[in-house]
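# Next input, structure requested:
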Amino acid sequence: MKLRLLRCLRNPKQSTRQKEEVHHHMISDMSSNFKDTTVKILLLGTAESGKTTIIKQMRILHINGFTDDERREKIPEIYQNIHDSIKQLVLQMEPLGLRFGSVTSERSAHYILSLPAEAPEYFTEEYCDHVVTLWNDVGIRACYDRSNEFPLLDSAKYFLDNFARISEEEYIPSTEDILHSRKVTTGISKITFRVPIPKSLGGGEQEFRMYDVGGQRDERNKWIQVFEGIQAVLFLISCSEFDQNLREDPKQNRLQEALNLFRAVWQNRFLASAGLIVFLNKYDIMERKIRAGKHIVDYFPEFEEFSKRPQQQQSCFDECDWTKMFIKQKMIDITHEQFKRNSRNQCDVTYSERECYYHFTVATDTRCIRDVFSDVQQMILSENINMAGSSLF
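Here you go, the predicted structure:
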């Protein structure tokens, strides 16, 4: 009783102030300890979902971008993207039953098809004239409008629209050019960078290490090599691929493949302790497709029922909003599924209490990625500090 009375007689303001001081010191100590470790982030997703573009963005945002020499090193990659794009468009004209708009375009098509698969080291005047002629052809444009029916780089239109600038003799790739360029990722690559820690979490700097792995089916068996010590998984899914099929399996819808892969990652026991953040990427391309007359309901019939849900109607104003929310809800539903132990890699638990965080992104938009990654960084640091704090009690 005496002890209780003494507690009651204490100054409540003083007690609150002491608690705040203790809490501040605890946060400071845990943050200091955490700064000594490297936060490991693993990028996962299907091929062409934008993982490598995120790696490039981290370099732009946190490692001062690219030098002129590094930019020049990207020229062969950009040339190859252009060469692959125009050649693929020409190759698909006949299978799609399309005709060239002029005899001149037909001659240009024969010229492009006569070239090897590798892009020329230099763009000659003759090569440039043929590419410009083809890209301005009404038949090639009609072919491009049906590019969901065959494999074509997302950046094809960007590079062909900018071909005059890129074909200049003194061309040096811009940052946007580098972000749009694509080279198939094989094996495992990583980038290490440091970012400021908010004062609310102790201040200072934190080292991050981000791993990028190939997303093709035959590359996924390498993923387990980097699972150990991963604090967070960034899973990228391309919203724009609802009407496309895989390069490696023409019968499999790309978005469905990504959802199946997300389920496997969510239920993987080796990643059960890692935070999971989803980037619903390329929503800008998705919106362009919808405005051009494409509809996700043609590929996912269940969308029709989803779009009738009254609880979604306040936040969805057009078909673009509905499509974004539909894809996100597909992923949320997966996180609520009971785990089926079909392999030794899946979790033993029947339900996961993990949080999953969702962001709509455009990986080629540096401002968008800067804002989103700032939120991701704060979430990871807060989660780790909370985990460190809970382990003390």
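# Neighbours of the closest residue to P76 other than its chain neighbours, how many?
Excluding its sequence neighbours, the residue lying closest to P76 (CB to CB, 6 or more residues apart in numbering) is A119, at 7.1 Å. Backbone N, C-alpha and C define where each C-beta goes, glycine included. Applying other CB atoms under 10 Å, we find 21 other residues in the vicinity of A119.
# show me the contacts for A119.
76, 79-80, 82-84 (CB atoms under 8 Å, 6 or more residues apart in numbering).
# Can you tell me how far it is from I41?
Relative to I41, A119 is positioned 33 Å away (CB to CB, to the nearest Å).
# part of a strand, is the residue nearest to P76?
No - secondary structure assignment (DSSP: H, G, I helix; E, B strand; the rest coil) places A119 in coil, not in a strand.
# rewinding a little: now, the contacts of A119 that are in helices?
The helices in this structure, assigned by DSSP state H, contain 76, 79-80, 82-84 from the contacts of A119.
# would a markdown table of those with pLDDT, distance to E257 and neighbour count be doable?
What follows is the ones in helices among the contacts of A119, written out as a markdown table (pLDDT from 0 to 100; distance: CB to CB, whole Å; neighbours: other CB atoms under 10 Å):
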| residue | pLDDT | distance to E257 | neighbour count |
| --- | --- | --- | --- |
| P76 | 97 | 30 | 14 |
| Y79 | 98 | 30 | 21 |
| Q80 | 98 | 25 | 17 |
| I82 | 98 | 27 | 24 |
| H83 | 98 | 27 | 21 |
| D84 | 98 | 22 | 19 |
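# And those, which two are furthest apart?
For these, with distances taken as CB to CB, the pair at the greatest spread is P76 and D84 (12.2 Å).
# what about the strands in this structure?
Taking DSSP state E as the test, the strands found in the chain are 38-45, 188-196, 205-213, 232-238, 275-281, 356-361.
# Show me how far the fifth one is from its chain's centre.
The one in question is strand 275-281. 8 Å (CA atoms, centre = their mean, to the nearest Å).
# neighbours around R59, how many?
The burial count for R59: 17, using other CB under 10 Å.
# and it, what is it in contact with?
R59 is in contact with 65-66, 191, 193, counting by CB under 8 Å, 6+ apart.
# most surrounded residue in those residues?
Counting neighbours by other CB under 10 Å, F66 leads the contacts of R59 with 19 neighbours.
# For that residue, which non-adjacent residue is closest in space?
Once flanking residues are discounted, F66 sits nearest to I178: 6.3 Å by CB to CB, 6+ apart.
# wouldn't that neighbour be in contact with E73 here?
No - I178 is beyond contact range of E73, at 9.9 Å (criterion: CB atoms under 8 Å).
# between those two, which one's more packed in?
Remark: of I178 and E73, I178 carries more neighbours, 21 against 13, as counted by other CB under 10 Å.
# quick one: that one from E169, how far?
19 Å.
# Equivalent analysis for K157, please.
From K157 across to E169, the span is 24 Å (CB to CB).
# These two - which one has more neighbours?
Applying other CB under 10 Å to K157 and E169 shows that K157 carries more neighbours, namely 18 against 6.
# now the helices: where do they sit in the stretch 151-300 of the chain?
Using DSSP state H, counting those that start in this stretch, the helices of the stretch 151-300 of the chain run over 156-161, 163-166, 175-180, 254-266, 283-291.
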